[in-house]
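Peer 1: My questions are about this predicted structure, shown below with the sequence.
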Amino acid sequence: MFNFDNSYARLPERFHAAVFPEPVEAPVLIKFNATLAQELRLQLDADDAPRLAAFFSGNVLPSGSEPLAMAYAGHQFGNFVPRLGDGRAILLGEVVDDKGVRRDIQLKGAGPTPYSRRGDGRAALGPVLREYIVSEAMAGLGIPATRALAAVATGEGVQRETVLPGAVFVRVAASHVRIGTFQYFAAQGDTEAVRTLADYVIDRHYPDLAQADNPYLALLDAVSMRQADLIARWLGAGFIHGVMNTDNMTVSGETIDFGPCAFLDDYDPMKVFSSIDQQGRYAYRNQPGIGQWNIARLAECLLPLLDGDEEKAVEAANGVLKAFGERFQAAWLSVFAKKIGIAGTPDPGDGDLIQALLSAMQEGRADFTLTFRRLSALAAADRSEVEAQVRLDAEAAFLEGFAPWDKAESFLPLWRARLARQEGDVSVLMRGVNPALIPRNHRIEDAITAAMAGDLSPFERLVAAVADPYTDQPEFAALTQAPRDEERVLRTFCGT
Ligand code: AMP
Ligand code: MG
């Protein structure tokens, strides 16, 4: 059924705590991702909801599972906490998927663990549905992220500000090793454990690096490059993670922990949604800088492994941090150049052209997603064989998204001149990188509100829609629209 092979459980005892899920009263399956289950080669009957609910609530442990909570530390909003750990997540085990990739299957909200501190180890339905939707949206967008395998209602209430319906989320990850996992051991001066963890991560995520001259420096560099690329992808989708604490940053390069995350509606680079991010530390535009800061924290943990000579180790680490900045800039340019239809290697002036559009969007309060999608439509309409009226309509549709639109209007001739310097129809390329549909904040709220009242159909629709975001799906047209003012979500909550 589950062909578990639990490598993390074989690591030394101080890496984790064995803990069994705490059974719940009345598990009911909310959603099961049969496609992902197949990828994971799980032999499960998608029609046997009670059995799936029993497994994915933690009520029945599948054979071969060695449930555990992982130890980790982390910087939360810049403050170091030496002991966090899985306070409400329990790793069931690892399976090797159909591509030979080892993946974790984890229950989130399955009961207390030795790391729960004052928490109850549970999750509320709302955050579980949010994580389900956003995980699958990221997969649809092609942005590395943990996946949603299932969600189960527990039939129990969880006490938050009020009593809320409880649920368990089943998450699949390339691994759950975080920067905070390294910090946990480094803060205790346990260099041996840091080395064991680094070797584990190299073996699991970066096997080629074992042959490098300095595998640990190569590891730091590889994690750094993946994060730089990942954050560039986030910015390209208008994604704001919301809690980029070091315990929420994987070493695999997958996005993890969809708490108060949100996608931009109108473009505002300083946008913050999270209610707990008072200072705007994790604002849209701050994400690359924070990514680099987090990599610096990882570098500190690895210093003793980088070089016997501390000065040389610091110098090597600084080289990696500098490279992060350069890599991010290059990745950002590559992502946004494609978004405006530049097919080949970007020119030196392309950054300015992109900035011209972004500043028009900011001033004109233009919707991030719709602007790029409409620009893709305009590129298609601009082709010589298309009727003039179609082009005028597409241009009007694009400009209408801006108020005021004068900057957007001055951007267009510059953009057209740039595209005229390359061959071929770029509208297909543009459509493939500029989604028609993202899980809009107000739609996520709608889905959660309806689910709390017993109607799962908006959730189902949203999950179905986000799976194929680059295709125009007329049946989901309503989900592509920007919020009206009264629908706008201003704040998101982590809801833990
Ligand atoms: P997060 O904000 O979800 O990344 O969680 C930060 C830390 O708080 C992690 O160590 C979690 O395991 C822990 N935590 C969050 N919610 C709960 C909860 N309901 N019960 C126990 N621990 C929790
Ligand atoms: Mg977390």
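Peer 2: Thanks, I have it. Given the structure is predicted, the values throughout are model-derived calculations rather than measurements. Ligands and ions are numbered 1, 2, ... in the order given.
Peer 1: ok, how many other residues are close to the closest residue to Arg431 other than its chain neighbours?
Peer 2: Of all residues not flanking Arg431 in the chain, Ser376 sits nearest, at 4.8 Å (Cβ to Cβ, 6 or more residues apart in numbering). For glycine as for every other residue, the C-beta is placed from the backbone atoms N, C-alpha and C. By the criterion of other Cβ atoms under 10 Å, Ser376 has 27 neighbours.
Peer 1: what's the domain layout of this protein?
Peer 2: The chain is divided into the following domains under automatic domain parsing: 8-176, 180-338, 340-496.
Peer 1: residues contacting Glu25?
Peer 2: 154-156 (Cβ atoms under 8 Å, 6 or more residues apart in numbering).
Peer 1: What values do phi and psi take at Ile30?
Peer 2: Dihedral pair for Ile30: phi -90, psi -40, per degrees, to the nearest 10.
Peer 1: Model confidence score at it, please.
Peer 2: At Ile30, the pLDDT value in this model is 98.
Peer 1: Please look at Val19 and Ile90 and confirm they touch.
Peer 2: Yes - counting by Cβ atoms under 8 Å, Val19 touches Ile90, with 6.0 Å between them.
Peer 1: Neighbour count: those two, which is higher?
Peer 2: Between Val19 and Ile90, Ile90 has the larger neighbour count (other Cβ under 10 Å), namely 27 against 20.
Peer 1: Tell me which residues of the helix or strand where that one lies come out buried.
Peer 2: Per DSSP states H and E: Ile90 is located in strand 89-96. For strand 89-96, burial by neighbour count (16 or more other Cβ atoms under 10 Å) applies to 89-95.
Peer 1: Ile56 - how many residues pack around it?
Peer 2: One correction, residue 56 is Phe, not Ile. Neighbours of Phe56 (other Cβ under 10 Å): 28.
Peer 1: List the contacts of Leu429.
Peer 2: Leu429 touches 338, 341, 343, counting by Cβ under 8 Å, 6+ apart.
Peer 1: Pull out the buried members of those.
Peer 2: 338, 341.
Peer 1: Distance to ligand 1 and pLDDT for the contacts of Leu429 - can I get that in a markdown table?
Peer 2: Shown next, in a markdown table, are the contacts of Leu429 (distance: Cβ to the nearest ligand atom, whole Å; pLDDT from 0 to 100):
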| residue | distance to ligand 1 | pLDDT |
| --- | --- | --- |
| Lys338 | 32 | 98 |
| Gly341 | 38 | 98 |
| Ala343 | 39 | 95 |
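Peer 1: tell me how far the lengthiest helix in the chain is from the chain's mean position?
Peer 2: If you go by DSSP state H, the chain has its longest helix at helix 310-339. Distance of helix 310-339 from its chain centroid, counting by Cα atoms, centre = their mean, to the nearest Å, is 20 Å.
Peer 1: Contact residues of the protein facing ligand 2?
Peer 2: 248, 257 (Cβ under 5 Å from the ion).
Peer 1: Show me where the chain dips below the pLDDT cut-off.
Peer 2: 495-496 (pLDDT under 70).
Peer 1: strands paired with the strand ranked longest in it, and their directions?
Peer 2: Using DSSP state E to define each element, the chain has its longest strand at strand 147-159. Strand pairing for strand 147-159, using DSSP bridges, gives strand 28-32 (antiparallel), strand 163-173 (antiparallel).
Peer 1: Identify the residues contacting stretch 44-51?
Peer 2: The contact list for stretch 44-51, computed with Cβ under 8 Å, 6+ apart, reads 1, 28-29, 32, 34, 37, 52, 55, 60.
Peer 1: Ala210 belongs to a helix?
Peer 2: Yes - using DSSP: H, G, I helix; E, B strand; the rest coil, the assignment for Ala210 is a helix.
Peer 1: what do Val19 and Ile90 both touch?
Peer 2: By Cβ under 8 Å, 6+ apart, the residues touching both Val19 and Ile90 are 67-69, 111, 113.
Peer 1: which two in the contacts of stretch 44-51 are spaced the farthest apart?
Peer 2: Met1 and Val28 (20.7 Å; Cβ to Cβ).
Peer 1: for the strand holding Ile90, the distance to its chain's centre please.
Peer 2: For strand 89-96, the distance to the chain centre is 19 Å (Cα atoms, centre = their mean).
Peer 1: Show the subsequent helix or strand relative to it.
Peer 2: With secondary structure assigned by DSSP H and E, strand 89-96 is succeeded by strand 102-108.
Peer 1: which secondary structure elements does that next one contact?
Peer 2: Applying 3 or more Cβ pairs under 8 Å, 6 or more residues apart in numbering; DSSP states H and E, one finds that strand 102-108 makes contact with strand 89-96, strand 163-173.
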